[in-house]
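my questions concern the predicted model and sequence given below.
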Amino acid sequence: MTSTLSLDTPIQIRGLTKTYPNGYKALNGVNLDIPMGMFGLLGPNGAGKSSLMRTIATLQEATEGTVQWGDINVLTEKVKLRQVLGYLPQYFGVYPGVSAEKLLDHFAALKGITNGKERKELVTHLLNQVNLYEARDRAVSGFSGGMRQRFGIAQALVGDPRLVIVDEPTAGLDPAERVRFLNLLSEISERAAIILSTHIVEDVSELCPQMAVLIAGEIRATGQPSTMMQQLAGKVWRIQLKRDQLPSYEETYQVLSTRFFMGDIIARVYSKSDPGADFEVVEPDLEDVYFCVMKKIPALRSDESVVTPSVAD
Ligand SMILES: Nc1ncnc2c1ncn2[C@@H]1O[C@H](COP(=O)(O)OP(=O)(O)OP(=O)(O)O)[C@@H](O)[C@H]1O
Ligand SMILES: [Mg+2]
């Protein structure tokens, strides 16, 4: 049934707005093309990431706008979309006391896999894929955060989806589990498109060839992480300061970020020209890009691949 759909085109989001019943506008005229592959949606807490993910996943109605993916009008043809979608919500609740194997079997039955033998094979395959087969008899409610997220991916993969949406899956994972989880996503991305939302810049820089930055319900930048970083080349500078020097530097320079270092402060500054002695030019990273966008510094070119519509306001 799904093979007749042509879904190799970008998901096209136009004028998408979501106003909640209390009047809060969580998405404000979002225009975005999400190409197939691994796509990173980066934004701070409250930016509207989950609102956007839930809308694309057809779990909530949009107030205005359209979402088109190949043949599917996502907002009106919900069933068609759900047949090709796997979704891992930000907060993945599970029934207490039910084993991983039983729960995954239950999800597979819900997704319409009625043949018991087929379901058993699928459950075994998926538990192996996410490295939880050994833990199959343990209750998912007792799993660690990382195990629980891997279980969440297993349930999202039931039905062999063409699109997998994962909403902030790495928040709260320890570094080893985070890497393990990202590797799993990378494997999956060979067979399905993935939209990954996160507030962790490294998730995107390590994994996603395409990204967008969402802030206060608006897309503020979109493009390739590598291209965006190149655009800052020669314009990011580093300086080591005493703590009490920071306020005056913040007045004079466009400080992108600061961190403590042996009791001092290391600041990263955006400047088109050499800001002077004591500064050294550094290789831009994606965090510099993110902070430029957050602080509305018009550092990125507005061309086909990069738009910063809110920079002028
Ligand atoms: N059901 C709702 N009713 C009213 N306001 C809501 C509702 N859901 C979300 N919001 C508000 O909309 C804004 C965006 O929320 P959303 O959960 O989409 O952001 P997010 O980027 O996913 O944040 P986080 O990183 O914290 O998960 C927030 O200010 C939130 O309080
Ligand atoms: Mg969220």
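Done, it's in. Just so you know, these numbers come straight off a predicted model, no measurement behind them. Ligands and ions are numbered 1, 2, ... in the order given.

tally of neighbours for the residue in the stretch 101-250 of the chain that ligand 2 sits nearest to?
Closest approach of the stretch 101-250 of the chain to ligand 2 (C-beta to the ion) occurs at residue 168, with a separation of 5.4 Å. Where you see a C-beta, it was placed from the backbone N, CA and C, and this is true even at glycine. Applying other C-beta atoms under 10 Å, we find 23 residues neighbouring residue 168.

what does residue 252 give?
11.

that one and residue 242, how far apart?
Per C-beta to C-beta, to the nearest Å, residue 252 is found 15 Å from residue 242.

any weak-confidence spans in this structure?
The chain contains residues with pLDDT under 70 at 1-4, 302-313.

and if we set it to 50?
By pLDDT under 50, the low-scoring segments of the chain are 1-3, 304-313.

could you list the contact residues of it toward ligand 2?
Contact residues (C-beta under 5 Å from the ion) of the chain with ligand 2: 49, 50, 90.

so the first one makes contact with residue 196?
No: checked against C-beta atoms under 8 Å, the pair residue 49 and residue 196 is beyond contact range at 10.0 Å.

who has more neighbours, those two?
The neighbour count for residue 49 versus residue 196, taken as other C-beta under 10 Å, is higher for residue 196 (27 against 24).

for ligand 2, what's its nearest residue on this structure.
For the chain, C-beta to the ion, closest residue to ligand 2: residue 50, 3.1 Å.

surely residue 137 meets residue 98?
No: applying C-beta under 8 Å as the test, residue 137 and residue 98 come out as separate, 10.9 Å apart.

what about these two, which has more around it?
residue 98 (15 against 9).

and what about the closest residue to ligand 1 within the stretch 51-200 of the chain, helix, strand or coil?
Closest to ligand 1 within the stretch 51-200 of the chain is residue 51: 3.3 Å, counting by C-beta to the nearest ligand atom. At residue 51 the chain is in helix, as set by DSSP: H, G, I helix; E, B strand; the rest coil.

quick one, strands of the chain?
For the chain, strands defined by DSSP state E occupy the ranges 11-19, 25-34, 38-42, 64-69, 72-73, 85-88, 163-167, 193-198, 210-215, 218-223, 236-241, 254-261, 264-270, 280-281.

nearest residue to the middle of this structure?
Closest to where the C-alpha atoms of the chain average out (C-alpha atoms, centre = their mean) is residue 197, at 1.8 Å.

coming back round to it: gap between the closest residue to the residue of the stretch 101-250 of the chain closest to ligand 2 other than its chain neighbours and residue 30?
Nearest residue to residue 168 in three dimensions, chain neighbours excluded: residue 90, at 4.9 Å (C-beta to C-beta, 6 or more residues apart in numbering). As defined by C-beta to C-beta, residue 90 lies at a distance of 18 Å from residue 30.

give me the more crowded residue out of these two.
residue 30 (23 against 14).

contacting residues for residue 135?
Contacts for residue 135 were tallied using C-beta atoms under 8 Å, 6 or more residues apart in numbering; they are 100, 143, 147.

what is the neighbour count of the spatially closest residue to residue 275 that is not a sequence neighbour?
In this structure, residue 275 finds its nearest non-sequential neighbour in residue 237, 5.5 Å apart by C-beta to C-beta, 6+ apart. Residue crowding around residue 237 was assessed by other C-beta under 10 Å; the count is 22.

surely residue 237 touches residue 273?
No: with contact defined as C-beta under 8 Å, residue 237 does not reach residue 273; the gap is 10.0 Å.

residue 270 is in contact with residue 234, isn't it?
No: applying C-beta under 8 Å as the test, residue 270 and residue 234 come out as separate, 10.9 Å apart.

between the two, which has more neighbouring residues?
Regarding residue 270 and residue 234, a neighbour count based on other C-beta under 10 Å identifies residue 270 as having more, with 20 against 13.

ok, that one - contacts?
Residues near residue 270 by C-beta under 8 Å, 6+ apart: 232, 235, 236, 237, 253, 254, 256, 288, 292, 297, 299.

and the gap between the nearest residue to it once chain neighbours are set aside and residue 179?
Using C-beta to C-beta, 6+ apart and skipping the chain neighbours, the partner closest in space to residue 270 is residue 254 (4.4 Å). Note on residue 254: its distance to residue 179, by C-beta to C-beta, is 33 Å.

which of those two has more neighbours?
Applying other C-beta under 10 Å to residue 254 and residue 179 shows that residue 254 carries more neighbours, namely 18 against 13.

on that earlier part again, who touches the residue nearest to the residue of the stretch 51-200 of the chain closest to ligand 1 when sequence neighbours are not counted in this structure?
Distances taken as C-beta to C-beta, 6+ apart place residue 26 nearest to residue 51, at 4.1 Å, with adjacent residues excluded. Counting by C-beta under 8 Å, 6+ apart, residue 26 makes contact with 18, 19, 20, 48, 51, 217.
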